[in-house]
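Engineer: give me a model of this one.
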Amino acid sequence: MEQEVIHIPELAKMLGRSESSIRSARQVGASWLPPFFKQGSRICWRVSTVRKFLQEYEQGLHVQAKSGRKRHAPPTLASVR
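Structural biologist: Alright, predicted model coming up:
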């Protein structure tokens with residue numbers, strides 16, 4: 001039977017990351033980390049939420065907008081003449 005709630009070691013295995021990278025990402029609020037909740041002092045993830053997050057991330061729904069102004073292509077010689 002599969003667990004419904006997982007903790008940092010299990011999430012690290014699912015994402016192919018180290019436990020320390022998961023802990024660091026949680027502290028800085030990294031966008032690649034699925035939303036979590038706490039049970040007492042433990043950080044937890046629901047497996048179904050992680051899977052849904054990964055599917056959305058794969059589809060590009062969690063891409064942050066780039067900061068700064070939009071860039072335009074430089075003019076070409078043909079358009080300058």
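
Engineer: low pLDDT regions in the protein?
Structural biologist: Low-confidence segments of the chain, defined by pLDDT under 70: 1-2, 62-65, 79-81.

Engineer: list phi and psi for the residue nearest the centre of it.
Structural biologist: Nearest to the geometric centre of the chain sits residue 32, at 1.3 Å (Cα atoms, centre = their mean). Note on residue 32: its backbone torsions stand at phi -80, psi 0 [degrees, to the nearest 10].

Engineer: doesn't residue 24 make contact with it?
Structural biologist: No - counting by Cβ atoms under 8 Å, residue 32 stays clear of residue 24, with 11.7 Å between them. Where you see a C-beta, it was placed from the backbone N, CA and C, and this is true even at glycine.

Engineer: hang on, the earlier thing: can you tell me how far the residue nearest to the centre of the chain is from residue 58?
Structural biologist: 12 Å (Cβ to Cβ, to the nearest Å).

Engineer: for the residue nearest to the centre of the chain, give its distance to residue 57.
Structural biologist: 7 Å.

Engineer: tally up the residues packed near residue 67, please.
Structural biologist: For residue 67, the neighbour count with other Cβ atoms under 10 Å is 5.

Engineer: I'd assumed it was in a helix, is it?
Structural biologist: No - assigned with DSSP: H, G, I helix; E, B strand; the rest coil, residue 67 falls outside any helix and is coil.

Engineer: give me the phi and psi for it.
Structural biologist: According to degrees, to the nearest 10, residue 67 has phi -80, psi 160.

Engineer: for residue 5, same thing?
Structural biologist: According to degrees, to the nearest 10, residue 5 has phi -110, psi 130.

Engineer: if you count neighbours, what's buried in the biggest strand by length in the chain?
Structural biologist: Using DSSP state E to define each element, the chain has its longest strand at strand 42-46. Across strand 42-46, burial judged by 16 or more other Cβ atoms under 10 Å covers 44, 45, 46.
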